[in-house]
Every structure is written in structure tokens, then in C-alpha cells.
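*Asks:* Here's a sequence, model it:
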Amino acid sequence: WSVSMLFYSFFKTLIGQEVVVELKNDLAIRGTLHSVDQYLNVKLLNVSIVEPDKFPHMQSVKHCFVRGSVIRYVQLPKASIDVELLQDATRKEAAQQRAAK
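*Replies:* Purely as a prediction, here's the structure:
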């Protein structure tokens, strides 16, 4: 398992939930996570722009596909995060990387 696979598996559990995706160009998009792939590209439905005054040309967008390489952050709903499960998976990944060296 690579780190990207860990994130991929985690994001798949968030499908159907509202997230905010912040892009490297400072555009923040709120929407329902519809899908994610192994490259961490995401498809959002029912999109709204967090700061519509800064990005008026994005007002009419209702659904979008975001390439994983342009994503800076993904803000998650706090209730949907199983912190213990994430910490456990992270520890396992780190142990496997140490064992491989």
C-alpha cells in the first residue's frame, strides 16, 4: 500500500458527503463528493464557490471534475473522520516502509 492508496481508500469512504476542495489557485469549491480515482481526481456535484466575489465566472458551475494534482487541501466533515482508523492505517504504512528499507 502506498500513501496515495491510503488516501484513495479514505476518500472513497466519503463519497456522498459534502467537502470543500481548495485548489492551488486559491479557488475553494464546496460540493458533494461523487467519485474519486487512484490519482485522487475528484468529481463534485451540487457545487458552490466559497468566495463567489473572487471567482464570478464560476457561479454557473453545478458539477465539476478536479484533477488531483491541482488540489491543495480537502476540508472534510468532522463527523465523518474516524481518527483512530486513520492513525492505525498511518502507523501500519510507516512500519511497512521501515521494514522495506
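*Asks:* For burial, what's the neighbour tally of His63?
*Replies:* 12 (other CB atoms under 10 Å). Yep, even glycine has a C-beta here, placed from its N, CA and C like the rest.
*Asks:* again with Val61
*Replies:* 14.
*Asks:* any low-confidence regions in the chain?
*Replies:* For the chain, residues meeting the criterion pLDDT under 70 lie at 1-3.
*Asks:* and the longest helix along it, which residues are buried?
*Replies:* Ranked by residue count, the top helix of the chain under DSSP state H comes out as helix 83-100. For helix 83-100, a neighbour-count test (16 or more other CB atoms under 10 Å) marks Ala89 as buried.
*Asks:* Show me the strands in the chain, by range?
*Replies:* Remark: strands assigned in the chain by DSSP state E are 18-23, 28-36, 42-49, 64-66, 71-75.
*Asks:* would you turn those strands into a markdown table with distance to Ala100?
*Replies:* Shown next, in a markdown table, are those (distance: least, CB to CB, whole Å):
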| stretch | distance to Ala100 |
| --- | --- |
| strand 18-23 | 32 |
| strand 28-36 | 26 |
| strand 42-49 | 29 |
| strand 64-66 | 32 |
| strand 71-75 | 28 |
